[in-house]
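# Quick one: sequence and predicted model below, then my questions.
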Amino acid sequence: MPIRAVLWDIDDTIFDYTGADRIGMRKHLENEGLPEGHTSAGQALDAWRAITDAHWARFAAGETDFQEQRRDRVREFLGRPLTAAEADEWFSRHVVHYEAAWSLFPDAVPALDALAGRYRQAVLSNSSILNQDRKLRTLGVRDRFEAVVCAVELGISKPAAGAFHAACDTLGLRPQEVVYVGDHPDIDAAGAEAAGLAGVWLDRGGRGGRPDLMRITGLDQLPALLAGNTRFGASDTFG
């Protein structure tokens with residue numbers, strides 16, 4: 001069955017989340033000062049990323065909600081108890097700097113342009129529609145996508161099959177007619193495959209090591225991969 005739609009992840013796929021978060025947090029710490037227990041800005045930034053990954057995994061597993069995972073990230077990073085209001089205020093001050101650093105990856109718009117008119121395009125994100133719709137509008141690409149489907153509103157997160165199926169249902173397509181593109185090998189590519197979609201792992205760092213997955217190292221490789229697809233044949237075609 002031919003691929004008719006491309007379903008996209010946003011963060012660290014078309015949008016440089018890691019870069020914006022790191023730039024924004026560095027600026028935030030210049031204003032706030034290093035939290036107790038952190039020895040340098042670089043060490044603090046690495047700790048923030050590790051804490052973020054751990055609490056996002058809790059959210060994806062349904063162990064906490066979106067707002068509470070933010071608060072728990074702040075509490076763990078600062079190493080002290082905070083009320084919900086205190087954690088929200090600290091995070092809000094960070095967000096100002098984070099949003100000032102928002103940018104798309106250079107290969108994102110060319111890939112979206114190359115696929116336009118040939119494939120329908122939509123988004124499935126593990127964030128919230130409030131955050132992601134605004135982000136896409138600010139970055140000037142919201143009109144490229146028929147729909148933006150998010151885990152907070154669904155009540156289910158990738159890699160659960162139900163999240164992928166909900167996005168396919170929004171498009172009125174069977175999973176076999178949809179390819180999912182994302183930067184995480186398990187949450188995105190393997191999750192999509194398990195749900196019956198075609199999955200593509202965007203391995204920007206060239207890590208490799210997952211011969212079970214279809215892998216590209218840049219979005220410039222995606223149009224050719226889709227144009228020649230027979231449900232992609234052998235894995236690890238690029239990179």
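That came in fine, so what should we check first?
# Please identify the buried residues of stretch 182-199?
Across stretch 182-199, burial judged by 16 or more other C-beta atoms under 10 Å covers 182-185, 187-193, 195, 197-199. (Glycine included, C-beta is placed from N, CA and C.)
# May I ask which two of these are separated the most?
Spatial extent of the buried residues of stretch 182-199 (C-beta to C-beta) is set by the pair D183 and A195 at 17.5 Å.
# How many residues are close by the nearest residue to A61 once chain neighbours are set aside?
Take A61 and drop its neighbours on the chain: the residue closest to it by C-beta to C-beta, 6 or more residues apart in numbering is S157, 7.8 Å away. Neighbour count for S157, taken as other C-beta atoms under 10 Å: 24.
# wait, doesn't S157 sit right on A151?
Yes - judged on C-beta atoms under 8 Å, S157 makes contact with A151 at a distance of 4.0 Å.
# Find residues that contact each of those two.
Here S157 and A151 have 60, 126, 163 as joint contacts, going by C-beta atoms under 8 Å, 6 or more residues apart in numbering.
# among those residues, which ones are buried?
By 16+ other C-beta under 10 Å, the shared contacts of S157 and A151 give 60, 126, 163 as buried.
# Give me the spatial nearest neighbour of the first one, chain neighbours excluded.
It stands for A60. Counting by C-beta to C-beta, 6+ apart, the residue nearest A60 is S157, at 4.2 Å.
# Now do the domain split for the chain, please.
Segmentation of the chain into domains, based on automatic domain parsing, reads 5-16+103-227, 18-100.
# quick one: low-confidence ranges for this protein?
By pLDDT under 70, the weakly predicted segments of the chain are 229-239.
# at 80 instead, please
Applying pLDDT under 80 to the chain flags the ranges 1, 229-239.
# As a check, name the ranges of all helices in it.
Using DSSP state H, the helices of the chain run over residues 17-32, 41-60, 66-78, 84-100, 108-115, 129-138, 151-154, 161-171, 191-194, 222-227.
# TSV for those helices, including distance to R144?
As requested, those are exported to TSV (distance: least, C-beta to C-beta, whole Å):
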stretch	distance to R144
helix 17-32	18
helix 41-60	25
helix 66-78	25
helix 84-100	20
helix 108-115	5
helix 129-138	8
helix 151-154	20
helix 161-171	14
helix 191-194	20
helix 222-227	14
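# what's the closest of those to P2?
With C-beta to C-beta as the measure, helix 222-227 is the member of the helices of the chain nearest P2 (9.6 Å).
# Give me the residues contacting that closest one.
Contacts of helix 222-227 (C-beta under 8 Å, 6+ apart): 3, 6, 111, 114-115, 118-119, 179, 181, 200, 214, 216, 232, 237-238.
# So which of those residues wins on neighbours?
V200 (29 neighbours).
# Correct me if wrong: A198 contacts A192.
Yes - judged on C-beta under 8 Å, A198 makes contact with A192 at a distance of 7.0 Å.
# Give me the common contacts of the two.
Common contacts of A198 and A192 (C-beta under 8 Å, 6+ apart): 179-180.
# among the domains of the chain, which is the most enclosed?
Between the domains of the chain, domain 5-16+103-227 has the highest mean count of neighbours, a mean of 19, where neighbours are mean count of other C-beta atoms under 10 Å.
# end to end, how far does it reach?
12 Å (C-alpha to C-alpha, to the nearest Å).
# again, but for stretch 9-18
One end of stretch 9-18 to the other measures 14 Å (C-alpha to C-alpha).
# Stretch 27-44 now?
Counting by C-alpha to C-alpha, the terminal residues of stretch 27-44 are separated by 12 Å.
# just how off-centre is it within its chain?
25 Å (C-alpha atoms, centre = their mean, to the nearest Å).
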